[in-house]
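# Quick one, what's the 3D model for this:
(2 chains)
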Amino acid sequence: SAVISQKPSRDICQRGTSLTIQCQVDSQVTMMFWYRQQPGQSLTLIATANQGSEATYESGFVIDKFPISRPNLTFSTLTVSNMSPEDSSIYLCSVEDLPGISTDTQYFGPGTRLTVL
Amino acid sequence: ELKVEQNPLFLSMQEGKNYTIYCNYSTTSDRLYWYRQDPGKSLESLFVLLSNGAVKQEGRLMASLDTKARLSTLHITAAVHDLSATYFCAVDREYGNKLVFGAGTILRVKS
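I've put the predicted structure just below:
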């Protein structure tokens, strides 16, 4: 299984500022995903990040608010821009399983707990 | 639009009892996932169900999938306290690993 790390694990930010969250995977994966889990809620897909192309955003999420980078096959960043208290959530990255030895499982990182004051 | 509904949303069980969590989804999908989340933790993959009639078991948990009914079940046998967690089902929206999650079932097993 893929090992996924995220930085930071948590942060407290002031409204109007931006935070960049990093996701590192220990093996090369084609597709990486960013999810949001608002307090006490389920997970919602923000966007899909493919290396070498623009991220694909889900309905209700826009690039200006959540810019994403995917510079290589093991790394991605999600920026939460111009934050407001409504952005307080856990942000998780996930990856599909490795091609060739796939178990068809999607693995999740440990998450970044963001609090906006 | 794919919708995924779980029930119950909260389940309080006595140790040793059996119970089932249900996951209904609204459109055809090839893959259904069950995850466990402990408080303050990320998601742990429990099962991936890929075909109609698929059944998988791990310890006291057994998951099944009926694609015709668009229904998956997670059956808990002889519950123990360690199973207390939130359980999510998720459905692959378009065979692109774009998961739509249910609301989650908070399970509390009382000794």
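# drop to CA atoms for contacts and neighbour counts, all remaining ones
Fine.
# Pull up the per-residue confidence for the closest residue to A:Leu73 other than its chain neighbours.
Distances taken as C-alpha to C-alpha, 6 or more residues apart in numbering or on different chains place A:Gln28 nearest to A:Leu73, at 4.9 Å, with adjacent residues excluded. A:Gln28 carries a pLDDT score of 87 in this model.
# how much space between A:Gln28 and chain B?
For A:Gln28, the distance to chain B (C-alpha to the nearest C-alpha, to the nearest Å) stands at 16 Å.
# How about A:Ser53?
16 Å.
# Just the element for that residue, please.
Secondary structure from DSSP states H and E places A:Ser53 outside every helix and strand.
# Torsion angles phi and psi at it?
Summarising the backbone geometry of A:Ser53 under the convention degrees, to the nearest 10, its torsions are phi -150, psi 170.
# Contacts only, for it.
Residues in contact with A:Ser53, defined by C-alpha atoms under 8 Å, 6 or more residues apart in numbering or on different chains, are absent; none qualify.
# Tell me where chain B is predicted with low confidence.
Within chain B, the ranges that satisfy pLDDT under 70 run B:95-96.
# now the strands for it?
Per DSSP state E, chain B has strands spanning B:4-7, B:10-14, B:19-25, B:32-37, B:43-49, B:55-58, B:61-66, B:71-76, B:85-92, B:99-101, B:105-110. These are given in chain order.
# mind saving the C-alpha coords of the third one as PDB?
Provided in PDB are the C-alpha atoms of strand B:19-25 (Å, rounded to 0.1, in the frame of the first residue of the first chain):
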ATOM      1  CA  TYR B  19     -26.000  -5.400  13.400                       C
ATOM      2  CA  THR B  20     -26.000  -4.200   9.800                       C
ATOM      3  CA  ILE B  21     -25.200  -0.800   8.300                       C
ATOM      4  CA  TYR B  22     -26.800  -0.100   5.000                       C
ATOM      5  CA  CYS B  23     -25.500   1.900   2.000                       C
ATOM      6  CA  ASN B  24     -27.800   2.800  -0.900                       C
ATOM      7  CA  TYR B  25     -26.600   4.700  -4.000                       C
END
